[in-house]
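In: 3D, please:
(one chain, ligands or ions: 1)
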Amino acid sequence: MTASPHASTLETLEATDEQVFKIIAAEERRQADTLEMIASENHASSAVMAAVGSCMTNKYCEGYPGKRYYSGCAHYDEVENLAIERAKKLFGCKFANVQPHSGANANLAVFFALLEPGDTYMSVVLSDGGHLTHGSPVNISGKWFKPVHYPLVYDQARPDFGHIDYDAVETMARQHKPKLILCGYSAYPRIIDFERFRKAADSCGALLMADIAHIAGLVAGGSHPSPFPHCDIVTTTTHKTLRGPRGGLILTDNEGLATRFNKAVFPGTQGGPLMHVIAGKAVAFGEALKPEFQHYAHQVVRNAKALADELIRLGWKLSSGGTDNHLVLIDLARSGVQTSGKEGALWLEQAGIITNKNTVANDQRSPFVTSGIRLGTPALTTRGMHEVQMITVAQLIDRALKSCGEASAIEKVREEVHGLCKAFAMPH
Ligand code: DSN
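Out: As a prediction, the model looks like this:
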């Protein structure tokens, strides 16, 4: 195939808009020169980025394959159908809507399809590891609907401290009779027991929804149990552990629900789909269907466990005591240091380790300060790192946090971070 004269490459960008080119080039260097440990981020492949940067950005395709409002959509139908088929195969379900622009849009569409304003649903509060779109008072999910939040185990004497309190979920389901129970989180390091949630949902006749945005790649790669067949609705993003382009996805086995979700996405809450991103999703799902992706998903979890074990050995207390998935949440307050999440994340960034401040269960500090640091292994695993590097990374994190921001100590960690980054090139 010959290259298109309009091929959109960074070289052509350099020639036409040097200012934007320089910003992108600087970001490329930043990604290469730092350890990306934000649990919700990853490095998409060049193939995914090629699709997202393609001519498929040029077309309006309101509607669905075979039922579009504009002419000229044949290739868009092909690519959307391919993305749908691959998504269904990857997650083992019957229906997929690949059009949501993001996880937030996917969740909004599900709420729009299933709930009336004022309806009660159950979820985990943001500060316990939930998500903005799971009932935060500043989000439409909290403003227009009535979230009731089920707790984690807050009793530090219990071995399951920081885990979901499944007994409370069951009790609250019977008490509040929600229309929907939502599981799936943005800062929860443990396996989600979807079967137990099904039992709770059945006890009150609720629909069960899983937002697997964080763990989608682990589910696809077989290193976290699948929400199917237990959940009625599954939403996710496509860019976290799943390593695709930024975007959302809605999955279900129920034809009636699928029809409602299609209407709720378009025309309910979105206009023209981002077809270049849908092409990127198709590529990413294709990558995730390959056996190599299963190895990747298992290594992400092994790396998180190695990171957690070394941090514990070095004296850090972790939320829920460890991890079963891709993320680790350091509880600074319980670790006996005065450092806040905000300070810790800043010192780590100065040392070239990119993380985020995060609230922990029962956090006494505000969400702008926090008592936790959230770490994730998806991006470092994509760069080819294994357990041995995770032990080194844990030691670097330990040194940066214990430096209290002292410049020469941070600089020494930064040099070692540079060495690691050089040894583990960015993926192609
Ligand atoms: N902001 C994402 C995260 O970091 O977990 C969730 O949407």
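In: shouldn't residue 260 be in contact with residue 114?
Out: Yes - here residue 260 reaches residue 114: they are 7.2 Å apart, a contact under CB atoms under 8 Å. No exception for glycine: its C-beta is placed from N, CA and C like everyone else's.
In: Can you name the residues bridging to the residue of the stretch 301-428 of the chain found nearest the ligand?
Out: Relative to the ligand, the nearest point of the stretch 301-428 of the chain is residue 356 (6.7 Å; CB to the nearest ligand atom). Beta-bridge partners recorded for residue 356 (DSSP bridges): residue 374.
In: Now for the residue in the stretch 51-200 of the chain that the ligand sits nearest to, how many residues are close by?
Out: Here the residue of the stretch 51-200 of the chain nearest the ligand is residue 186; by CB to the nearest ligand atom that distance is 3.6 Å. Residue 186: 22 surrounding residues under other CB atoms under 10 Å.
In: Run through the residues that contact residue 57.
Out: By CB atoms under 8 Å, 6 or more residues apart in numbering, residue 57 lies in contact with 274, 275, 276.
In: Which one of those residues is nearest to the ligand?
Out: Lowest distance from the ligand to those (CB to the nearest ligand atom) belongs to residue 274, with 17.4 Å.
In: returning to what we had before: most surrounded residue in the contacts of residue 57?
Out: residue 275 (24 neighbours).
In: So which bits of this structure are right by the ligand?
Out: Applying CB under 6 Å from any ligand atom, we find that the chain lies next to the ligand at 40, 103, 131, 186.
In: Show me which of those are buried.
Out: Buried members of the residues of the chain next to the ligand, counted by 16 or more other CB atoms under 10 Å: 40, 103, 131, 186.
In: Would you map the strands across the stretch 251-400 of the chain?
Out: 327-331, 353-354, 356-358, 372-376 (DSSP state E, counting those that start in this stretch).
In: swap in the stretch 51-200 of the chain?
Out: Under DSSP E, counting those that start in this stretch, the stretch 51-200 of the chain gives strands at 63-64, 67-68, 95-97, 120-123, 146-149, 180-183.
In: Please tell me how far residue 224 sits from residue 35.
Out: From residue 224 across to residue 35, the span is 24 Å (CB to CB, to the nearest Å).
In: Residue 332 reaches residue 339, doesn't it?
Out: Yes - in this structure, residue 332 is within contact of residue 339 by CB under 8 Å, at 5.3 Å.
In: Mutual contacts of these two, please.
Out: By CB under 8 Å, 6+ apart, the residues touching both residue 332 and residue 339 are residue 401.
In: if you count what's nearby, which of these two comes out ahead?
Out: For residue 332 versus residue 339, the count of surrounding residues by other CB under 10 Å is larger for residue 332: 24 against 20.
In: low-confidence ranges in this structure?
Out: Within the chain, the stretches with pLDDT under 70 are 1-8.
In: the longest helix in it is where?
Out: helix 291-313 (DSSP state H).
In: Specify the angle between it and strand 327-331 in degrees.
Out: Using axes from the mean of the first three to the mean of the last three CA atoms, to 10 degrees, one finds that helix 291-313 and strand 327-331 are set 10 degrees apart in direction.
In: and helix 291-313, what does it pack onto?
Out: Under the contact criterion of 3 or more CB pairs under 8 Å, 6 or more residues apart in numbering; DSSP states H and E, helix 291-313 touches helix 216-220, strand 327-331, helix 378-382, helix 387-402.
In: Any buried residues in that helix, and which?
Out: Neighbour count says helix 291-313 has 293, 296-297, 299-312 buried, by 16+ other CB under 10 Å.
In: check contacts around residue 358.
Out: Counting by CB under 8 Å, 6+ apart, residue 358 has contacts 187, 329, 341, 370, 372, 373, 374.
In: typed the wrong thing, it's residue 312
Out: Per CB under 8 Å, 6+ apart, neighbours of residue 312: 318, 322.
In: Residue 28 versus the spatially most central residue of the chain, what's the distance?
Out: Centrality entry for the chain: nearest residue to the mean C-alpha point is residue 214, 3.1 Å, by CA atoms, centre = their mean. Residue 214 sits 25 Å away from residue 28, going by CB to CB.
In: do residue 233 as well
Out: 37 Å.
In: Settle it for me: which of these two has more neighbours?
Out: Looking at residue 233 and residue 28 with other CB under 10 Å, you find the greater number of neighbours at residue 233, namely 26 against 12.
In: Let me know the secondary structure of the residue nearest to that one when sequence neighbours are not counted.
Out: For residue 233, ignoring the flanking residues on the chain, the nearest one in space by CB to CB, 6 or more residues apart in numbering is residue 209 at 4.2 Å. Put simply, residue 209 is strand when judged by DSSP: H, G, I helix; E, B strand; the rest coil.
In: isn't residue 209 right up against residue 178?
Out: No - using CB under 8 Å as the test, residue 209 is too far from residue 178 to be in contact (10.6 Å).
In: between the two, which one's more packed in?
Out: Legend: neighbour count by other CB under 10 Å for residue 209 and residue 178, higher for residue 209 (28 against 25).
In: so who does the more buried one touch?
Out: Counted by CB under 8 Å, 6+ apart, residue 209 has contacts 110, 180, 181, 182, 183, 184, 231, 232, 233, 234, 235.
In: Distance check, it against residue 99.
Out: In this structure, residue 209 and residue 99 are 18 Å apart, going by CB to CB.
In: Give me the phi and psi for the nearest residue in space to the residue of the stretch 51-200 of the chain closest to the ligand that is not next to it in sequence.
Out: Spatial nearest neighbour of residue 186, excluding adjacent residues (CB to CB, 6+ apart): residue 131 at 4.7 Å. Note on residue 131: its backbone torsions stand at phi -150, psi 150 [degrees, to the nearest 10].
In: Residue 131: what's it in contact with?
Out: So residue 131 contacts 103, 107, 185, 186, 211, 213 (CB under 8 Å, 6+ apart).
In: which one among these gets closest to residue 401?
Out: Nearest to residue 401 among these is residue 186, at 22.0 Å by CB to CB.
In: thought the closest one was touching residue 130?
Out: Yes - judged on CB under 8 Å, residue 186 makes contact with residue 130 at a distance of 6.9 Å.
In: related to what we said a few turns ago, I'd like the helices and strands packed on helix 291-313 as JSON lines, with distance to residue 63 and mean neighbour count appended.
Out: Formatted as JSON lines, the helices and strands packed on helix 291-313 follow (distance: least, CB to CB, whole Å; neighbours: other CB atoms under 10 Å):
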{"stretch": "helix 216-220", "distance to residue 63": "26", "mean neighbour count": "28"}
{"stretch": "strand 327-331", "distance to residue 63": "38", "mean neighbour count": "28"}
{"stretch": "helix 378-382", "distance to residue 63": "34", "mean neighbour count": "27"}
{"stretch": "helix 387-402", "distance to residue 63": "46", "mean neighbour count": "20"}
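In: Much appreciated, bye for now.
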